[in-house]
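**Q** Quick check, what structure comes out for this input:
(chains A and B)
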Amino acid sequence: MSIELGHFALILAFGIASVSAVVGYVFWRGSERVTHYLQQGAVLQFILVAGAFAALIQAFVSSDFSLSLAFENSHSLQPLLYKITSVWGNHEGSMVLWILILVGFGAAVALFGRNLPRDLLSLVIATQSLLVAAFGGFTLFTSNPFARLSPAPFEGRDLNPILQDMGLAVHPPLLYAGYVGFSICFSFAIAALISGRIDAAWARWVRPWTMLSWTFLTLGIAMGSYWAYYELGWGGWWFWDPVENASFMPWLAGTALLHSALVMEKRNALKIWTVFLSIITFSLSLLGTFLVRSGVLTSVHTFASDPTRGLVILSLLAAFIGGAFILFAIRASALRTGGLFAPVSREGALILNNLFLATATGAVLIGTLYPLLLEALTGTVISVGAPFFNLTFAALMTPLLLLMPLGPFLAWKRADLVAVTQRLAFAAGLAILAAITLFSLSGSPISLAPLGLALGFWVAFGAIAELIDRAKLGRVPPMESVRRLMGLPRSAFSTALAHFGIGVTVLGIVATSAWENERIIAMQVGETTTIGDFSVEFAEFADAPGPNYSSENGHFIVTDQRAGTRDVVAERRTYVASSMQTTEASIETYGFSQLYVQLGESAADGTHIVRLWFKPYITLIWLGAIIMAAAGALSLTDRRYRIGAPQRRARHAAEPEAAE
Amino acid sequence: MAEIRKSWTRKQKRLGIIAGIGVILGLATTLVLVALSSEIVFFVTPSQIAEKGVVAGQSIRVGGLVKDGSWSREGDTNHFVVTDGASDVAATFVGIVPDLFREGQGVVAEGALAADGSFVASKVLAKHDEKYIPREIVDELKARGEWRPEGGGP
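**A** A predicted model of the protein is given here:
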């Protein structure tokens, strides 16, 4: 019964969204009552979709296999957590999660956006509702998650074993929150284009939403990368797989958007570009969520797909992205540009940042879609792999990273490059010194690694240098420095922290790529091998039962001169319901480095194939991402950017802008 | 320097910025084109290896099914045969094959031909989904009329 109620709730939400979209677009200039209706509608959509989602969860938790989706993706022996996560471990259920987050953001705008100009708010909710109607309709008509089976089977088919992991509980919700959050920027952009209202205040309203989504997306991508690293057993943390690229492109565009919105907010410039980026970022998010479901791309992460669904998805994508760009083409000229500045200035630096980020997004997009185009046009099947992306992406990121520490030092309008260079000389020297020291300690052959390390340190130290400089550390008495530091706005800290996080990630990437050590060896129980400074003894091989799987466990004793001896277990699991195997590698952390032990299949001669990796400083990659996300969260706590707060500043800022 | 910059007109500034953007975009485009021409990997089936004249050492992806009864492992080296029904190619791979690597299942292996015509894989991909066969292989099998979806289509 609750399943039918859930189904009905989703249909109702779809109906309300459709009406809201029509009403919003037709009467956006209308009376206060229209806006009120739209606000209530947005909240109601959220309540209904939450109810639909709860009905699904309830069916999964109670192992109600008369629900086709639960039969396909769940099993009564699964632990509770995986029963819940099974809801979104498949196409249909993940669509409901996606829509739930979409209506969640819509309701948040309706509730927190009370102080927005009425016409803007109406248009934003209308656009959000249109998205809900489109994707809700898509879910209901092509991928109904509430379909029943009769007679109900006794047992489910089990969730894909690879997905039976904590990662599924965390990664998709975070990633979707990131993707979908950008819909708010999109809706604001559409609203701005329709109403013609775009000024610094607009940027101030959009920025916290961008920041929030960006923070979620950063965490989501980092989480996904770590999940792939420990679960797939390939030892890699990024494969430039189409699906990974699909999540990375909105991140790059969103990062650019954060920076361009800053220029717009402070200097009332780059308006058209910021609106354009808002549209692009969400378009890329849509591409990310749906291209992989359409079946046109093959990837390690794809959901099972069917061709009819693919066609609907591609039409929806074309309608939203195409529609937005047509609107942009018609209306963009109506937006007035403003703000004069010299090439060497904060604005100039931020334009450069946007240029490199946008170009990098383009390069990733080309690499992802080129095989599709080539196949469609010539029939030749190719794959564009890591070498392409490593080459183009690294080449585009290097200048960006080199210039990154300079940006925050430059003054708005016109800056003195020489003076800035002098203030950063110390950080640069320190970065080079640190790179040389670390590199000579490792005693590896000459390569590009020291340059990469210097770059990472430069970004990290440069970020801190800005805070030190603003606190006048060493130039005024220490107490005065502390007082100055305390007086800095939180945005200064969040900028420094985010840039520092990038530096940390770069260091992790360079160190892992340069010094990774890998051994593949066939071992017998009792045998000992070495990797780097570690000696690894294969102590025992045993069978062990699990709740819905049986596993083969390899016990290893890892000895390191400094860290002592540790027992580790690498597993191979065979899941009962699907008879699928998964590899649960053992990952031991030593400082920032990790030792990765993977057990392969056994042979008739009694040997087991074992793969050992030593990955120096690899955790820095994800640590950097966490620092970046923390910076995003910190920035959101800044009173000036709080989601509900802008109205105070808006009134304030509207005055000077009005004279423009 | 500073004096010269002050005397820049609005138009000159704009032109300067546009020229700078143009230069960077131009360089980036060149880079992408160069990378595309040198770093792409062609996907072939065992039959196409001969048809297309793939030379030893050229980086390719071979897709097909792992031939029944062909997979063996000695030490750290896996031996298996990739087939598309019409032709076979013997492949070797050092390392642990993915969890879903099975005889009779679809596989995509990346690597290059050795001088003796066998295929040395540096990477072996099998997919998450047990129902999964890479789309390229499905297309190829369909084209050859050997597509039997009872094994579970993608």
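
**Q** Let's see stretch B:82-102 as PDB, backbone CA atoms only.
**A** This file holds the C-alpha atoms of stretch B:82-102, laid out as PDB (Å, rounded to 0.1, in the frame of the first residue of the first chain):
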ATOM      1  CA  VAL B  82      40.400 -13.200 -27.300                       C
ATOM      2  CA  THR B  83      37.900 -14.200 -30.000                       C
ATOM      3  CA  ASP B  84      35.200 -12.600 -32.000                       C
ATOM      4  CA  GLY B  85      34.000 -15.800 -33.500                       C
ATOM      5  CA  ALA B  86      35.800 -15.400 -36.700                       C
ATOM      6  CA  SER B  87      39.400 -14.900 -35.600                       C
ATOM      7  CA  ASP B  88      41.400 -15.400 -32.400                       C
ATOM      8  CA  VAL B  89      44.300 -13.600 -30.900                       C
ATOM      9  CA  ALA B  90      46.500 -15.000 -28.100                       C
ATOM     10  CA  ALA B  91      47.000 -12.600 -25.300                       C
ATOM     11  CA  THR B  92      49.200 -12.400 -22.200                       C
ATOM     12  CA  PHE B  93      48.700 -10.200 -19.200                       C
ATOM     13  CA  VAL B  94      50.900  -9.800 -16.200                       C
ATOM     14  CA  GLY B  95      48.900  -9.100 -13.100                       C
ATOM     15  CA  ILE B  96      45.500  -9.800 -11.500                       C
ATOM     16  CA  VAL B  97      42.700  -9.900 -13.900                       C
ATOM     17  CA  PRO B  98      39.500  -8.100 -12.900                       C
ATOM     18  CA  ASP B  99      36.900  -9.900 -10.800                       C
ATOM     19  CA  LEU B 100      34.500 -10.200 -13.800                       C
ATOM     20  CA  PHE B 101      37.100 -11.700 -16.100                       C
ATOM     21  CA  ARG B 102      35.600 -15.100 -17.100                       C
END
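
**Q** Could you see whether chain A lies near that stretch?
**A** Yes: judged by C-beta under 8 Å from any C-beta of the partner chain, stretch B:82-102 comes into contact with chain A through B:94-100. Placement of C-beta: from N, CA and C, glycine included.

**Q** can you list the domains in the chain?
**A** Because you didn't say which chain, this covers chain A. A:1-159, A:165-328+A:348-391, A:416-515, A:517-615 (automatic domain parsing).

**Q** not quite, I wanted chain B
**A** Domain ranges of chain B: B:2-39, B:42-148, per automatic domain parsing.

**Q** Figure out how far the longest one is from the centre of its chain.
**A** A distance of 12 Å separates the centroid of the chain from that of domain B:42-148, by C-alpha atoms, centre = their mean, to the nearest Å.

**Q** what does the shortest one give?
**A** From the chain centre to the centre of domain B:2-39 is a distance of 34 Å (C-alpha atoms, centre = their mean).

**Q** who touches the closest residue to A:Ser491 other than its chain neighbours in this structure?
**A** Beyond its immediate neighbours in the sequence, the residue positioned closest to A:Ser491 (C-beta to C-beta, 6 or more residues apart in numbering or on different chains) is A:Asp638, lying 5.3 Å away. Contact criterion C-beta atoms under 8 Å, 6 or more residues apart in numbering or on different chains gives A:489-491, A:494 as the residues in contact with A:Asp638.

**Q** May I see those residues organised as JSON lines, with neighbour count added?
**A** Written out in JSON lines, the entries for the contacts of A:Asp638 read as follows (neighbours: other C-beta atoms under 10 Å in any protein chain shown):
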{"residue": "A:Pro489", "neighbour count": "13"}
{"residue": "A:Arg490", "neighbour count": "17"}
{"residue": "A:Ser491", "neighbour count": "15"}
{"residue": "A:Ser494", "neighbour count": "22"}
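
**Q** quick one: which of these sit in helices?
**A** Within those, residues falling in helices by DSSP state H are A:490-491, A:494.

**Q** For those residues, please prepare CSV with the additional fields pLDDT.
**A** As requested, the ones in helices among the contacts of A:Asp638 are exported to CSV (pLDDT from 0 to 100):
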residue, pLDDT
A:Arg490, 86
A:Ser491, 86
A:Ser494, 91
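
**Q** Looking at those, which is nearest A:Gly178?
**A** Looking at those and their distance to A:Gly178, the nearest is A:Ser494, at 17.5 Å (C-beta to C-beta).

**Q** could you say which helix or strand contains the closest residue to the closest one other than its chain neighbours?
**A** With C-beta to C-beta, 6+ apart as the criterion, A:Ser494 has its nearest non-adjacent residue at 3.7 Å, and that residue is A:Ser635. When elements are defined using DSSP states H and E, A:Ser635 is found to belong to helix A:619-637.

**Q** mind checking which helix or strand of chain B has the lowest mean pLDDT?
**A** For chain B, scoring each helix and strand by mean pLDDT, DSSP states H and E identifies helix B:2-6 as the least confident one, at a mean of 48.

**Q** Enumerate the residues of the stretch 301-450 of chain A near chain B.
**A** The interface of the stretch 301-450 of chain A toward chain B, taken as C-beta under 8 Å from any C-beta, is made up of A:301-302, A:304-305, A:340-344, A:348, A:351, A:355-356, A:359, A:362-363, A:366-367, A:370-371, A:380-385, A:387-388, A:391-392, A:395-396, A:414, A:416.

**Q** Neighbours of the nearest residue to A:Phe154 once chain neighbours are set aside, how many?
**A** Counting by C-beta to C-beta, 6+ apart, A:Phe65 is the residue found nearest to A:Phe154 once chain neighbours are left out, at 7.1 Å. Other residues near A:Phe65 come to 23 when the count uses other C-beta atoms under 10 Å in any protein chain shown.

**Q** How about the one 5 residues further on?
**A** Summarising burial for A:Ala70: neighbours were counted as other C-beta under 10 Å, giving 29.

**Q** closest one to A:Val312 among the domains of chain B?
**A** Set against A:Val312 and scored by C-beta to C-beta, the domains of chain B come closest in domain B:42-148, at 18.7 Å.

**Q** circling back: which one of the domains of chain B is the most hemmed in?
**A** Burial among these, expressed as mean neighbours by mean count of other C-beta atoms under 10 Å in any protein chain shown, is greatest for domain B:42-148, which shows a mean of 18.

**Q** tell me the mean pLDDT over that one?
**A** Within the predicted structure, the mean pLDDT of domain B:42-148 is 79.

**Q** From A:Ser260, how far off is the residue nearest to A:Ser494?
**A** Note on A:Ser635: its distance to A:Ser260, by C-beta to C-beta, to the nearest Å, is 16 Å.

**Q** again with B:Gly106
**A** If you measure B:Gly106 against A:Ser260 using C-beta to C-beta, the figure is 44 Å.

**Q** Verify the stated contact: A:Met95 with A:Ser143.
**A** Yes: with the criterion set as C-beta atoms under 8 Å, A:Met95 and A:Ser143 qualify as a contacting pair; they are 5.9 Å apart.

**Q** Counting neighbours, what do you get for A:Ile520?
**A** Counted by other C-beta under 10 Å, the residues lying close to A:Ile520 total 17.

**Q** circling back: could you pull up the residues touching the residue nearest to A:Ser494?
**A** A:211, A:490-491, A:494-495, A:498, A:641 are the contacts of A:Ser635 under C-beta under 8 Å, 6+ apart.
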